[in-house]
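J.: I need the structure of the sequence given here:
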Amino acid sequence: MSILIGLTFFFITYYMLFVFPTWWVRIVRVETPLGLNKTVLQLSDLHVERLRVSPERLKKFINRECIDYIFLTGDYLDETWALPKLEAYLKVLEESNIPVFAVLGNHDYRLPDIAYLKTLFRNYHIFLLENETVSLDGFTLMGIDPYKKEWKRFIQNHTAQPFNERLIILCHDPNCFEHIIFNYDLGLAGHFHGKQLNIPFLFKLKPMGPFAKKGIYTGKHQLTTGKLYISNGLGQTKWNIRFLVRSEMTIHIV
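T.: Purely as a prediction, here's the structure:
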């Protein structure tokens with residue numbers, strides 16, 4: 001009997017500490033007054049192989065909010081078998097009739113052929129930005145893909161071209177913002193998962209670049225060239241657990 005009680009206590013404790021944070025989504029509302037009067041939903045790091053938020057739950061959340069744009073900041077899946085699972089989420093986004101813009105993440109490039117993912121985005125009317133800009137209602141949206149060779153040249157080409165309107169930048173890896181030397185109004189990124197396992201010195205044991213080393217791995221930061229927001233992400237990588245950091249969906253009021 002004591003063994004059964006001990007095992008029950010262990011599993012309940014494990015669930016509450018490591019599993020529940022992946023299901024108990026934190027809705028973060030960030031105000032960055034750019035004068036655009038727009039509401040943006042940022043979804044990052046879905047990692048659909050290890051995602052406990054269902055498409056139905058995402059749909060209910062989107063329908064509750066008054067959203068003008070949806071921005072996806074990379075890492076959707078690792079393996080080809082998960083494409084049908086990702087498709088269910090993309091269908092929710094398409095049915096919302098909200099314009100969706102996306103950049104790719106490092107995990108997406110682990111696919112044997114990333115063309116399948118790009119085709120899926122096109123089929124569901126998701127605009128993939130691969131080192132390019134698009135002019136929207138009152139602002140320019142830039143998508144940076146640091147996993148392509150030409151990304152630094154793309155940044156350099158825009159250094160001497162000042163933007164005449166507000167500039168929002170999407171990039172999966174926050175470290176790429178260290179290379180941006182022109183001014184922008186808001187940068188959105190993911191990648192770090194808020195550590196996922198929020199233990200001290202994690203990024204010393206597992207280096208994740210200069211920003212993580214400086215403690216810039218979650219939330220809002222003021223950099224020299226602009227404001228940066230780093231999402232904790234919605235899904236998990238490697239293990240489908242989190243510790244002292246919840247999954248996140250972010251509403252940006254700009």
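J.: tell me the mean pLDDT over stretch 175-193?
T.: On average, the pLDDT along stretch 175-193 is 95.
J.: Give me the below-cutoff pLDDT ranges for the stretch 151-254 of the chain.
T.: Within the stretch 151-254 of the chain, the ranges that satisfy pLDDT under 70 run 160-162, 205.
J.: which residues of it fall in helices?
T.: In the stretch 151-254 of the chain, the helices defined using DSSP state H, counting those that start in this stretch lie at 151-159, 202-205, 210-213.
J.: mind checking which of those is nearest residue 104?
T.: Taking Cβ to Cβ, helix 151-159 is the member of those nearest to residue 104, at 11.3 Å. C-betas here are computed from N, CA, C, even on glycine.
J.: what does that closest one rub up against?
T.: 131, 132, 133, 142, 144, 145, 176, 179, 180, 181, 182 (Cβ atoms under 8 Å, 6 or more residues apart in numbering).
J.: same question, stretch 109-129
T.: With Cβ under 8 Å, 6+ apart as the criterion, stretch 109-129 contacts 72, 76-80, 83, 86-87, 90-91, 93-94, 99-104, 108, 134, 141-145, 147, 170.
J.: Just the ones of the residues you listed in helices?
T.: Residues of the contacts of stretch 109-129 located in helices (DSSP state H): 83, 86, 87, 90, 91, 93, 94.
J.: Tally up the residues packed near the second one, please.
T.: Counted by other Cβ atoms under 10 Å, the residues lying close to residue 86 total 21.
J.: ok, for it, nearest residue in space, not its chain neighbours?
T.: Closest residue to residue 86 apart from its sequence neighbours, by Cβ to Cβ, 6 or more residues apart in numbering: residue 48 at 4.8 Å.
J.: Likewise for the third one?
T.: Nearest residue to residue 87, sequence neighbours excluded (Cβ to Cβ, 6+ apart): residue 120, at 6.2 Å.
J.: just the fifth one next, same as before
T.: The spatial neighbour of residue 91 that comes closest, neighbours along the chain excluded (Cβ to Cβ, 6+ apart), is residue 124 at 6.5 Å.
J.: per-residue confidence at that neighbour?
T.: 98.
J.: which ones are touching residue 170?
T.: Residue 170 sits next to 71-73, 101-103, 129, 141-144, 187-189 when contact means Cβ under 8 Å, 6+ apart.
J.: With residue 229 as the reference, measure out to it.
T.: For residue 170, the distance to residue 229 equals 11 Å [Cβ to Cβ, to the nearest Å].
J.: hmm, back to that, select, out of the helices of the stretch 151-254 of the chain, the one closest to residue 233.
T.: Among the helices of the stretch 151-254 of the chain, the nearest to residue 233 by Cβ to Cβ is helix 210-213 (14.1 Å).
J.: what's the offset of that closest one from the middle of its chain?
T.: From the chain centre to the centre of helix 210-213 is a distance of 17 Å (Cα atoms, centre = their mean, to the nearest Å).
J.: Stretch 123-142 too?
T.: Taking mean C-alpha positions (Cα atoms, centre = their mean), stretch 123-142 and its chain are 16 Å apart.
J.: and what of stretch 220-234?
T.: That offset, for stretch 220-234, works out to 11 Å (Cα atoms, centre = their mean).
J.: next one: stretch 235-254
T.: Relative to its chain's centre, stretch 235-254 lies at 9 Å (Cα atoms, centre = their mean).
J.: Going by neighbour count, which residues of that stretch are buried?
T.: Neighbour counts using 16 or more other Cβ atoms under 10 Å place 235-237, 241-242, 245-252, 254 of stretch 235-254 among the buried residues.
J.: From residue 178, how far off is residue 212?
T.: Residue 212 is 11 Å from residue 178, by Cβ to Cβ.
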